[in-house]
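Trainee: Sequence and predicted structure, then a few things I'm wondering about:
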Amino acid sequence: MAAVGPDQLASLIYTSGTTGRPKGVRLTHGAWTYTAAAIDALNVLGPDDLNFLWLPLAHAFGKVMLALPLSIGFTTAIDGRVEKIVDNLAVLHPTVMGAAPRIFEKPMPASSRWSPSKAGSRERFSAGR
């Protein structure tokens, strides 16, 4: 079997088509490993971290949150049921969870069972508004 190179296709992700017809975006193995290496260079994650992955793996952010622990070497718990996010946080106490800011704005403050301080989170990353 031939080795996989960084320029070879790893996945196709289809856009929603907000600016026209949906398109298949070609993402290479190098794109995924670069993203993980860039986050790893921040030295904020390590083998003792626990990632809670609820994001769809058909989306880029979900795939990044899967590539990250595979590259750095920490555990990931996966459950894609949005309605179970708060319950899972209360049970798992993850140190890493990727989400859009809206997820942290609405269900999290309403929950007395989970808070970032209870999870032992050291850093918070956010993108968007």
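Mentor: Looks like it arrived, so ask away.
Trainee: Helix or strand with the lowest mean pLDDT in the chain?
Mentor: For the chain, counting by mean pLDDT, DSSP states H and E, helix 116-119 ranks last in confidence among helices and strands (a mean of 51).
Trainee: Show me how far the helix or strand containing Leu12 is from its chain's centre.
Mentor: Assessed by DSSP states H and E, Leu12 sits inside strand 9-14. On the basis of Cα atoms, centre = their mean, to the nearest Å, strand 9-14 sits 17 Å off its chain's mean C-alpha point.
Trainee: With stretch 54-65 instead?
Mentor: Computed by Cα atoms, centre = their mean, the chain-centroid distance of stretch 54-65 equals 6 Å.
Trainee: how about it: buried residues?
Mentor: Within stretch 54-65, the residues that qualify as buried are 54-55, 60, 62-65, counting by 16 or more other Cβ atoms under 10 Å. From N, CA and C alone the C-beta is placed, and that goes for glycine too.
Trainee: Now do the SS call for the residue nearest in space to the middle of the chain.
Mentor: In the chain, the centroid-proximal residue (Cα atoms, centre = their mean) is Met65; its distance is 2.6 Å. Put simply, Met65 is helix when judged by DSSP: H, G, I helix; E, B strand; the rest coil.
Trainee: any chance of the buried residues of stretch 54-65 in a markdown table, plus pLDDT?
Mentor: Listed next are those as a markdown table, based on pLDDT from 0 to 100:
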| residue | pLDDT |
| --- | --- |
| Trp54 | 93 |
| Leu55 | 92 |
| Ala60 | 83 |
| Gly62 | 88 |
| Lys63 | 87 |
| Val64 | 87 |
| Met65 | 89 |
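Trainee: any idea how far the residue nearest to Val25 when sequence neighbours are not counted lies from Gly98?
Mentor: Spatial nearest neighbour of Val25, excluding adjacent residues (Cβ to Cβ, 6 or more residues apart in numbering): Ile13 at 5.0 Å. Counting by Cβ to Cβ, to the nearest Å, the gap from Ile13 to Gly98 is 16 Å.
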